[in-house]
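> sequence and predicted structure below; questions after.
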Amino acid sequence: MGFELFFQYIVAGVTYGAIYAIVAIGFNIIYNTTGIINFAQGEFVMLGGMTAFTLNTFMPLPLAIIFAVIITMIVGALIEMIFIRWLDNPSVLRMIIITIGISILIREVALHVWDETVRALPYFTGNEISSIAIGGVRISPQVLWVIGVSSVIVVGLHFFFKLTSVGRQMRACADNRNAARLCGVSTRNMVTFSFMLSAGIGALAGCTVSPITYVSYNSGTLLAIKGFTVAILGGLGNSIAAVAAGLILGILESFSIWVMPAAYKDAVSIAILLLILFVRPSGLFGSKERFGLKEF
Amino acid sequence: MPDRRFIHIGFFAGAGIIIQLLTYFTGTGYFLTQLTMSSYYAIVIIGLCMLMGYAGQISIGHAGFFAIGGYLSSAMTTHDLTPFKGSLPVRLLDSIGFLVDRQGLYGEQILHFQPWVSFIFAVLVTVAIAYLIGGPVLKLKGHYLAMATLGFGTIIYSIVIGTPVFGEADGISDVPAFALLPGLTVSGKMSVRIENFYIAWGLMSICMLLLLNLVNSRVGRALRSIHSAEDAANAMGVDTATYKLRIFVISAVFASVAGVLMTHFNGGIGPSEASIMKSVRYVAIVAVGGMANLWGALIMGLVLNFLSLRGYFGSLDDAVFGGILIVIMLFSPKGLLRKETLSYMRDIVLQRGSEEDNA
């Protein structure tokens, strides 16, 4: 394997890994404030990509993406308000089944709105064949967009949680819900915010990646499973570790094509998920003691 | 005096005869095809009900076991071994009667495994996989258990869809009939429709009886203790891990057996049988049936699958099951057809006020 091919695999791996990391961060945001794993997380990514495609038919691309993100955030908030907000201390099994049901409903609605064809936004800059040479290796500009947008999301979230009042309140919620409530934080609203936030970043990720990977009504499930793998790999709730884990999984997956048929690519990452769950459920970077205290 | 269980099963088997006679006299014999398929699905569902309702372990990968059974059996009974006729293993298999010859779709000779051999092989493989997967998976709880079983289902799906032997996206067709006994054949032919209905209905009744016996035994009590408080059960000396694993294997075998028979009945299998949506549908039906209610799961399994197979839900098929899941879990998380709900409804019907009950 020459250096160039090696580099191509790395770039492909980083691209997918960045998306997995964003989905994983979406999982983490909701998990931290509620203790729920939102099985419909992948559907937010799909919704973002699909909505932007439709909007793009009558408005310019940047505007279409912004509106797609806003619409998906509204959907996220509505889902939380309709299905989750009024439940009084629901059991984990119940929440799992409800969010799975929600993901199926979103997918079926998408199927009836957009039919079964795969869709893609146009390339943000250039087109399918344009490429940028970096150190003698040619890569698509969209890859840079994906990596760039993902980095902006990660850094933006970091500052959001550190500096803004809402971000701090959400962190307080994540740390100790009852204490936060005693301090006057509206925990219920924070849960709604967390759904909006993770829907929003999911949708943004869906828009940036859609020119490369295409989106169809059913592309959410697999993304959700991989995002979950990454979230577990990094340690559930830890968003910085999720980025590292996302890159690891993306690169592993992209090199797996080299040794086995491409059709098994998905099986590889799920096998990694199972392995991690069996061997080290606290994740690569998580501490066992803290894991023992979490409710899940 | 016979046990109540046997009376119930007797009534249930009798209901099968009545249904068959009804379809016969009303000229709606074509319903039997869907009823047969629903019965096979119902076998998967009561197995899953045992796992979810009684042992309290969720599995969003049961379509995977169904697919293991169906795909293994159909691959073994459709793949032509004639080119390898000279090789030692094939000659050996042939000499002990494991292989049969049959005429293919285009008149060619196909040498393949005897359906009984493929059936037993498929079930053995299922048992092995269920033990292998079940050991570590059942140590997990909550989200992790759900995701691990979902992951298992997805792996099976992507193997099925990526392997040429399993027909990739096309699935496997031209699966031969399965002669259970001389004169008793699992096949989709019009001429054997009635007897196939009885095979499926009978098998379902037997499976149900097995599970009812299991629920009312020492194992059943142990399972219920696991469901309500696993740690407490463990402390009382109940070997929770072993019980959970055994139930997991039993429900996997049920799914696999149903998969094999359904495939021979339909004459083919496609990747949608292994899809996550199918697994979720099984979970939804168990939830409607009332989680820890085998009869509820059985009846809902028959009714909902029949409606779905007849196409009453139209293009909203999956949405219906997704909607069912949400509604049940939001408003009646312990399932719909429970003793409490039923007796509550009876109270309403008989107009007995709650004041009287308190008195």
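Thanks, I have the structure now.
> residue of the stretch 251-359 of chain B closest to chain A, please.
B:Gly322 (3.0 Å; Cβ to the nearest Cβ). Glycine gets a C-beta too; all of them are placed from N, C-alpha and C.
> quick check: closest non-adjacent residue to the residue in the stretch 151-296 of chain A that chain B sits nearest to.
Going by Cβ to the nearest Cβ, chain B is nearest to A:Ala263 of the stretch 151-296 of chain A, at 2.7 Å. Ranked by Cβ to Cβ, 6 or more residues apart in numbering or on different chains and with sequence neighbours excluded, the top spatial neighbour of A:Ala263 is B:Gly162, at 2.7 Å.
> so who does that neighbour touch?
With contact set as Cβ atoms under 8 Å, 6 or more residues apart in numbering or on different chains, B:Gly162 has these partners: A:Pro261, A:Ala263, A:Tyr264, A:Ala267, B:Glu168.
> low-confidence ranges in chain A?
Counting by pLDDT under 70, the ranges of chain A that qualify are A:1, A:135-136, A:286-296.
> what about the strands in the stretch 1-150 of chain A?
A:132-134, A:137-139 (DSSP state E, counting those that start in this stretch).
> make that the stretch 1-150 of chain B, sorry
B:99-103, B:109-113.
> any idea which of these is most buried?
strand B:109-113 (a mean of 18; mean count of other Cβ atoms under 10 Å in any protein chain shown).
> that strand to strand B:99-103, inter-axis angle?
150 degrees (axes from the mean of the first three to the mean of the last three Cα atoms, to 10 degrees).
> elements contacting strand B:109-113?
helix B:62-78, helix B:88-95, strand B:99-103 (3 or more Cβ pairs under 8 Å, 6 or more residues apart in numbering or on different chains; DSSP states H and E).
> so which of those comes closest to B:Asp231?
The minimum distance between B:Asp231 and the helices and strands packed on strand B:109-113 falls on helix B:62-78, with 26.3 Å, by Cβ to Cβ.
> how far does the closest one sit from the chain's center?
12 Å (Cα atoms, centre = their mean, to the nearest Å).
> does chain A have contacts with it?
No. Taking Cβ under 8 Å from any Cβ of the partner chain as the criterion, helix B:62-78 and chain A are apart, separated by no less than 11.5 Å.
> and the angle for that helix with strand B:99-103?
80 degrees.
> roughly how far apart are the residue nearest to A:Ala263 and B:Ile199?
33 Å (Cβ to Cβ, to the nearest Å).
> residue contacts, the nearest residue to B:Leu309 once chain neighbours are set aside?
Once flanking residues are discounted, B:Leu309 sits nearest to B:Gln34: 4.2 Å by Cβ to Cβ, 6+ apart. By Cβ under 8 Å, 6+ apart, the residues touching B:Gln34 are B:Asn305, B:Phe306, B:Leu309, B:Arg310.
> so which of those wins on neighbours?
B:Asn305 (23 neighbours; other Cβ atoms under 10 Å in any protein chain shown).
> regarding it, which helix or strand does it belong to?
helix B:294-309 (DSSP states H and E).
> which secondary structure elements does that helix contact?
helix B:31-49, helix B:193-215, helix B:276-289, helix B:317-331.
> ok, residue 56 - contacts?
No chain was given, so I picked chain A. A:Ala64, A:Leu121, A:Pro122.
> my bad, the chain I had in mind was chain B
B:Leu223, B:Ile226, B:His227, B:Glu230 are the contacts of B:Gly56 under Cβ under 8 Å, 6+ apart.
> how does it look with 6 Å?
B:His227 (Cβ atoms under 6 Å, 6 or more residues apart in numbering or on different chains).
> in JSON lines: the strands of the stretch 1-150 of chain B, plus distance to A:Met59 and mean pLDDT.
Formatted as JSON lines, the strands of the stretch 1-150 of chain B follow (distance: least, Cβ to Cβ, whole Å; pLDDT from 0 to 100):
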{"stretch": "strand B:99-103", "distance to A:Met59": "61", "mean pLDDT": "75"}
{"stretch": "strand B:109-113", "distance to A:Met59": "59", "mean pLDDT": "80"}
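> and those: which comes nearest A:Ala18?
Of all the strands of the stretch 1-150 of chain B, strand B:109-113 comes closest under Cβ to Cβ, at 47.4 Å.
> quick one: strands adjacent to that closest one?
Strand B:109-113 pairs in its sheet with strand B:99-103 (antiparallel), by DSSP bridges.
> phi and psi next, for B:Gly311.
phi 80, psi 20 (degrees, to the nearest 10).
> no no, B:Gly237
Dihedral angles (degrees, to the nearest 10) for B:Gly237: phi 90, psi 10.
> and B:Met291, by the same measure?
Per degrees, to the nearest 10, the backbone of B:Met291 is at phi 50, psi -90.
> wait, doesn't it sit right on B:Gly53?
Yes. Shown here, B:Met291 and B:Gly53 form a contact pair, counting by Cβ atoms under 6 Å, at 4.1 Å.
> return the residues of the stretch 101-250 of chain B in contact with chain A.
Within the stretch 101-250 of chain B, the residues that sit near chain A (Cβ under 6 Å from any Cβ of the partner chain) are B:136, B:140, B:142-144, B:146-148, B:151, B:154-155, B:158, B:162.
> can you name the two of those residues that sit furthest apart?
Largest pairwise distance in these, by Cβ to Cβ, is 30.4 Å, between B:Gly142 and B:Gly162.
> who wins for neighbours among the contacts of A:Asn56?
A:Leu121 (25 neighbours).
> the residue lying closest to that one once chain neighbours are set aside: neighbour count?
Nearest in space to A:Leu121, with sequence neighbours left out and distances taken as Cβ to Cβ, 6+ apart, is A:Ser210 at 4.7 Å. Using other Cβ under 10 Å, A:Ser210 has 25 other residues around it.
> for whichever residue of the stretch 51-200 of chain A sits closest to chain B, what are its contacts?
With Cβ to the nearest Cβ as the measure, A:Ile104 is the residue of the stretch 51-200 of chain A nearest to chain B, at 3.0 Å. Going by Cβ under 6 Å, 6+ apart, A:Ile104 touches B:Gly322.
> do you know how far it is from B:Val44?
For A:Ile104, the distance to B:Val44 - Cβ to Cβ - is 19 Å.
> just want the most central residue of chain B.
B:Val44 (1.4 Å; Cα atoms, centre = their mean).
> so who does that residue touch?
B:Phe66, B:Ala255, B:Ala258, B:Tyr282.
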